[in-house]
Structures are given as structure tokens and as C-alpha cells.
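Asker: Give me a model of this one.
(one chain, ligands or ions: 1)
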Amino acid sequence: MIRESAPAKIILFGEHAVVHGQPAIALPFPALRAQITIRESATALEFRSVNGTLLAAPHLPKRSDPLLLQVLLTILCRLRIDAREVSVLLDSGIPQACGLGSGAAIATALTRALARHAGRSISAAEVNDIVFETETLFHGTPSGIDNTVIVHESALCFTRGMEPLPVRIARPFQLLVADSGDRCATHIPVSAVREQLQLHPEETAMILEDIGAIVHRASRALACMQPPALGALMYDNHALLGKLGVSSPLLDDLVCAARSAGAAGAKLSGAGRGGVVIALVEESRADDVALALEEAGAVQIWNTTIQATN
Ligand code: PMV
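Answerer: Numbering: from 1, shown residues only. Model prediction:
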């Protein structure tokens, strides 16, 4: 039996602008993981969830989720393996379409597990490459930030087409991750931003550049860990994402509720129009902020400590 897993991710600053060449900061969120188990089986290759639901099987295309079947076939093709008579089980605690990188985490764990099953050793760069290709199935023009942070499982500053840089975090800090309960496929807000860029090129390019400038300032605030400065940048980043049209009334309400309850900062995280809001909190305020988020409509809240880096 082979078991591999990969974490969820959180974009701390810079989503959307990163698609258009600006930097962004992302963190792994290891409390939520996608886990793949591979066992020999008497039947043909089947990819199922732990509750037994068939997700994808090359010999049963009509009963397969088309996207997951494509992901599976892409990985098999890129690994040049012909997996037969194996059962692949997915056990994922990462909610889908809510900005936490569920698709990239599943593809990462699947790639590693299938490679190991075939006796292939595979570098992180190779996994990253394959997962990036599966990401294009989900949303056409991914920046590559999700696959990179998930495969490397470390905090990084990512700019499209460049080597990711490690992010220095001077001291641990606490984030609340609040699920709005609304779901939106990544490609919808990503296309909306692209349209806005075509319709209003100068104004939109300026917003994207302003987000890029926030990322540079955030990177310095993390390096000396100044929660008030970092938090203010989160509120600013959220406001700019609102101007890009990727927030929603509920996400704005959640950010507002966190702010009123004393969060140092809050913003949507991921593609937006649904999904999660993250809030930077001092430990003493965490319960109050969590309660305020719940009252404002969050359906689920995770409290996570982001570790310092060297
Ligand atoms: O798929 P999500 O919701 O984690 O969004 C990824 C971040 C975006 O910047 C919106 C898209 C991308 O490819 O970078």
C-alpha cells in the first residue's frame, strides 16, 4: 500500500495580481490535507473517494467526473505509466472551490503516489510541472502559485516565471481562516479580472501594481513581524481586490466583522467571489473575532498558527 498527501494553501497577499506578473505570498496550510492511498486491486484502475464514490476510471468515462478523469489521465501520461489493476482512494479534508488549493493538493498527492507505485523516483520540480499542467485544466491560465506552494510545502514569495523565494517570518502568528460557505470556480473571477483589464486597461493595471507594492511591503513586515503593519496591508489588499470585482457582499461582511471585533487585518484569500476570508489575530482576540465571523455568516473557522521561518 502506498500513501501520499499534500497540504492546502493560503494566499496571504497578491492573488489575481500574480496572474498578471506581480509577486504574491503564499503559505502551506498543513492542518488540511488531501491524502491518496494506492492499493493493488483485481479490477481496472479506479479512483474513488473514501466513501466509495467513483471519481474517475479510464474504462468508465461516462461515470467519471470529467475534470478528475482528465487530471488522472494527464498525470499518467506525463509519468509515462500505464497503471492497471490499482485502486486509488482520495481522502481530502480540503473544501473545494474555496481558495484553499484543493485541486492542486489532490493532483500533488496523486502524482507522488502514482510515481511511487510505478517505482519511479520523481523530483519536486517534476511534480510541480505536472501539477501545473493539471491546474490548467481547472482554470486555463494559472499563475503557478498554488502548485508551487503546495509541492514545496513552505512559505514563499512567488512571481510568475521566476524561481520562488523563501519568505522570512520573524515570529509565529495566528490566522483565522473563515469559510464563507459560498463556492466559486477559480476561472470565473480570473476571467472577470482579465475582462476588466481589457475594458479599463490603465485603471486595472494600476490596481494590480498597487497589489504588487503591498506584497513588497508585506514581505518586509513579515521579516520583522509587525502585526499592525501586516494587518493594515491585509485590509488594503482586500479593498483592492474589491476594486477588481472579486469580492462579494458576504466576503466584505466577514472582513468588516473581523475588523470590528479587533482583528489586526483581514482579507479574502484565493480567487474570491466566495471561499475563505483570513484574519490576522492576537491570541487574546481570537475568540471574539471567531465569534464575530460566525455571526457574520462563516460556516466553518480554522484557527492556525503560522510558524516562523529561519
Ligand atoms: O484557485 P484559488 O482560488 O486558490 O486562486 C488562485 C489564485 C489566483 O491568483 C486567483 C489564480 C492564480 O492562478 O494565481
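Asker: who in the protein is up against the ligand?
Answerer: Proximity of the chain to the ligand, by C-beta under 6 Å from any ligand atom, involves residues 11, 15-16, 18-19, 99, 101, 142-143, 145-146, 186, 190, 270-271. For every residue, glycine as well, the C-beta is placed using N, CA and C.
Asker: Swap in 5 Å and give it another go.
Answerer: 15-16, 18-19, 99, 142-143, 145, 186, 270-271 (C-beta under 5 Å from any ligand atom).
Asker: so, if you compare those, which one comes nearest to L208?
Answerer: Of all the residues of the chain next to the ligand, L208 sits closest to H16, with 7.5 Å by C-beta to C-beta.
Asker: Report the contact partners of the closest one.
Answerer: Each residue near H16 by C-beta atoms under 8 Å, 6 or more residues apart in numbering is listed here: 189-190, 193, 208, 211, 241, 244, 246, 271-272.
Asker: State the helix or strand in which L254 lies.
Answerer: Per DSSP states H and E, L254 falls inside helix 249-260.
Asker: Report all helices and strands that that helix contacts.
Answerer: strand 173-179, helix 227-243, strand 265-269, strand 276-281, helix 286-295 (3 or more C-beta pairs under 8 Å, 6 or more residues apart in numbering; DSSP states H and E).
Asker: That helix vs strand 276-281, what angle?
Answerer: If you take axes from the mean of the first three to the mean of the last three C-alpha atoms, to 10 degrees, helix 249-260 sits at 10 degrees to strand 276-281.
Asker: Quick one: mean pLDDT over helix 249-260.
Answerer: In this model, helix 249-260 has an average pLDDT of 98.
Asker: swap in stretch 5-14?
Answerer: Rounded mean pLDDT across stretch 5-14 is 98.
Asker: Give me the distance between that stretch and the centre of its chain.
Answerer: Between the centre of stretch 5-14 and the centre of its host chain there is 4 Å, according to C-alpha atoms, centre = their mean, to the nearest Å.
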